[in-house]
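Trainee: Need coordinates for the below:
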Amino acid sequence: MSSLVYGITIGSLVAGTLADQFGRKKTMIFSCLFAFVFQLLMAFFLDLTLIIVFRALSGFGVGIICVIAPMYSAELASDKRRGILVSLFQNFIAGGFLLSYIFNLAFDLDKSGWRFQFGITSLIPFALGIATFFANESPVYIAATRTKSSSSSSEPKESLGQFMNRHLDYWKTHPIASTVAIVLAALYQLTGLNVVMYYCPSILQNVGITERKTALAVTIAIGVWNAGSTIIPLFIIDRFGRKPLLVVGAAIQSVGMALLALSYTLTGMGTNSAYIAIPSIAIFLTGFEVGCGPVYWVLISELFPPSVRGLSSSISQAVMWVSNIVIVIIFPPLVSAMSMMGFYWLLCGVSVILFLFCFFVIPETKNASAQEPVPAGTAETTEETKATETPESHEKSKGIEMEVDQSPSNADDIKAI
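Mentor: Numbering: from 1, shown residues only. As a prediction, this is how the structure comes out:
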């Protein structure tokens, strides 16, 4: 698992730059085929070292997909439907967890079952790449590319140093956006989602469900619940906004994790606490899938304008995957040092921190435009943006809007961009 996450982390770091250089569509197709090839190769080799290398290379492709897919979806969607369309990315993540549980149970007794798991799952990025081939390029990227082409004769090509300085300047002058991108990405993982999902069978065994088949079956039921919970935000994220879902979801997460910690307390007292542990996991997952799970992907696509969106998304998601590595690595030693009960009380505390951060810091971005995402309700107001706007940047912004409207690939669904 760690080799996959290391690959995802590296892939996420380069994804934004690749998307800005070659376009969302081409980068997406490349990453899908890259993930497909190395995922499929794992099914044909027995050498552990080769499998680990292929796993990491497959993760590289997956990391690029994780950055590009939400950004690409956000730029294709209209402002009114952006929330629901980008949130679908979390539905597929939850569906992936469910498929892994089902495969674990289906191939549990087959010694060569792991080959089928790698082979079957390789079809997912392959299908995504084929579907992307028939999709349109992002109109935002097309407009930005044409604007650059029209000004290339009068402006020198941007160097790497200028490219990095432009992004750093934006992050310095928009501290709320940069803070949210980093902190929310870290808390996405540090609240313990992947600990619960990766170690779900072990958790169930620790609270009294000792039969392996039973634990795997309950794990599948939890996966179904988790996948079903991702449907809820699809109906409310564009109606109520991003921040309310984050706040409510974080509160529910905190309650669920507190109950899970309590179940371990009862287990230590000799009580079969499975009847508390299973509902507590369901509550925690519901909170995550209503709040941070889908909203993170939407928020990160709305916090930054197109000029810095690619690299900013890459940095945010690299932080998220590094946090994933950290939480998975520290899980065994922390459990040894403070017991399972203490560890889950610690995760409950992190969920409370997420709640406070969402309530006091995160802005509402529901009304943000795909071209000029200004976090509402913060110091970064429209007036401040206008005050720092130069006539040149205003004309460039107008040019981008005109290019988007005139793009022949635009459907009705993207005219509001």
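
Trainee: and the longest helix for this structure?
Mentor: Longest helix of the chain, by residue count under DSSP state H: helix 306-360.

Trainee: At the geometric centre of this structure, which residue do we find?
Mentor: Nearest residue to the geometric centre of the chain (CA atoms, centre = their mean): Trp297, 5.2 Å.

Trainee: so what's it up against?
Mentor: Contacts here follow CB atoms under 8 Å, 6 or more residues apart in numbering; on that basis Trp297 touches 70, 86-87, 89-90. In short, each C-beta sits where N, CA and C put it, glycine included.

Trainee: any chance of the residues you listed in JSON lines, plus neighbour count and pLDDT?
Mentor: Below are the contacts of Trp297 laid out as JSON lines (neighbours: other CB atoms under 10 Å; pLDDT from 0 to 100):
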{"residue": "Pro70", "neighbour count": "25", "pLDDT": "94"}
{"residue": "Val86", "neighbour count": "28", "pLDDT": "95"}
{"residue": "Ser87", "neighbour count": "28", "pLDDT": "94"}
{"residue": "Phe89", "neighbour count": "22", "pLDDT": "94"}
{"residue": "Gln90", "neighbour count": "24", "pLDDT": "94"}
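
Trainee: Cross those residues against helices and list the overlap.
Mentor: Under the assignment DSSP H, the contacts of Trp297 contribute 70, 86-87, 89-90 to helices.

Trainee: Ile65: neighbour count?
Mentor: Counted with other CB atoms under 10 Å, residues neighbouring Ile65 total 25.

Trainee: secondary structure element for it?
Mentor: Taking DSSP states H and E as the criterion, Ile65 maps to helix 48-76.

Trainee: Report all helices and strands that that helix contacts.
Mentor: helix 2-22, helix 24-41, helix 82-106, helix 123-133, helix 139-151, helix 292-302, helix 306-360 (3 or more CB pairs under 8 Å, 6 or more residues apart in numbering; DSSP states H and E).

Trainee: Which elements pack onto the first one?
Mentor: Secondary structure elements in contact with helix 2-22, counted by 3+ CB pairs under 8 Å, 6+ apart, are helix 24-41, helix 48-76, helix 306-360.

Trainee: Quick one: mean pLDDT for stretch 49-64?
Mentor: The pLDDT scores in stretch 49-64 average 95.

Trainee: Can you point out the buried residues in that stretch?
Mentor: Within stretch 49-64, the residues scored as buried using 16 or more other CB atoms under 10 Å are 51, 53-64.

Trainee: got the contact list for it?
Mentor: Contacts of stretch 49-64 (CB under 8 Å, 6+ apart): 3-15, 18, 27-28, 30-36, 38-39, 41-42, 45, 125, 317, 321.

Trainee: what's stretch 179-190 in contact with?
Mentor: Stretch 179-190 is contacted from outside by 292-293, 296, 299-300, 303-304, 312, 315-317, 319-321, 323-324, 326-327, 347, 350, 353-354, 357, 361-363, 375, using CB under 8 Å, 6+ apart.

Trainee: Just the buried ones among the residues you listed, please.
Mentor: By 16+ other CB under 10 Å, the contacts of stretch 179-190 give 292-293, 296, 299-300, 303-304, 312, 315-317, 319-321, 323-324, 327, 347, 350, 353-354, 357, 362-363, 375 as buried.

Trainee: ok, Pro125 touching Ile29?
Mentor: No: Pro125 lies out of contact with Ile29 (CB atoms under 8 Å); the separation is 10.2 Å.

Trainee: which one of the two has more residues nearby?
Mentor: Pro125 (23 against 20).
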